[in-house]
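> Next input, structure requested:
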Amino acid sequence: MKPIKFKGNCPRNVSRDAKYSIRSMGDKPVISIVYETNEGERWYPTTDEHPELIDLVRNVRAFFRQEPSGTFYINEYKQVILPVMGQRDYYYAGEYENPLIFKFEGLRISGQPLNFNGNSLQKGDEWIGPHQGIPYVLTAGGNDIKYRVELRPNVIREVKLSKVIGEDNARLIAKKICDVIGLRGGRFYVNEFGSIFTPRFDGSSIRYTYIGQLDFQFWFPKPQFQDKNGEIIIM
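Below is the predicted model:
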């Protein structure tokens, strides 16, 4: 079956530690991440416990005759999406519910809002989880949230939360983000656990701060599929 183009929020120009990757380790494929510590170390945790997810990604890559290894993302609705080399489009690979948890040197690394001791994070705490997530932007003034989607070559649409749930509701959600980021606005991330975090420059390095958990009732809708003229598309 021909892969479906994904027309929702697609990560572009994000750092290497904001992506999931499939690579080979010995004779088997694994899912890997890049984890950068505050001490300047770079870790490369892997897991081989998700063969179904690996198959989802590889099926799309195989259709386009790409190498089986490559990057992918999981959005807040647990939709697996990935870029294809030589194209601007992203493609939908399927949904994946099982949580990705990486074990490295006795530590448990995941996008859940927990510290290394298993205690729940509170708003404003340092985010020690991986940086994989889908980027959004808090607008200047802290009243709205937006992202951009490329509709076709040289055509960009800016999608604002206020146009989806109304200005008053969007302002309430944006305020929770603004309390951490500030009125200047800026980028933040939402991962597949609904965890929200943001990078902050402390004068010498970039550190990440936990903002809270996503309220799906007051958020952008989940991209849906509809059969139109015999072709499956995303609405």
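
> what are the ranges of the helices in the protein?
Under the criterion DSSP state H, the chain contains helices at 51-63, 162-165, 167-181.

> domain assignment for this structure?
Taking automatic domain parsing as the criterion, the chain consists of the domains 4-120, 134-218.

> Redo those as JSON lines? Include mean neighbour count, distance to residue 225 and mean pLDDT.
Just so you know, the C-beta spots here come from the backbone N, C-alpha and C atoms, and that holds for glycine as well. Compiled in JSON lines, these are given as follows (neighbours: other Cβ atoms under 10 Å; distance: least, Cβ to Cβ, whole Å; pLDDT from 0 to 100):
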{"stretch": "domain 4-120", "mean neighbour count": "16", "distance to residue 225": "7", "mean pLDDT": "93"}
{"stretch": "domain 134-218", "mean neighbour count": "16", "distance to residue 225": "16", "mean pLDDT": "94"}
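
> Closest to the centroid, which residue in the protein?
For the chain, the residue nearest the mean C-alpha position is residue 133 (2.3 Å; Cα atoms, centre = their mean).

> Reformat the domains of the chain into JSON lines and put distance to residue 224 next to each item.
Listed next are those as JSON lines, based on distance: least, Cβ to Cβ, whole Å:
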{"stretch": "domain 4-120", "distance to residue 224": "10"}
{"stretch": "domain 134-218", "distance to residue 224": "14"}
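
> Looking at the ones you listed, which is nearest to residue 126?
domain 134-218 (6.4 Å; Cβ to Cβ).
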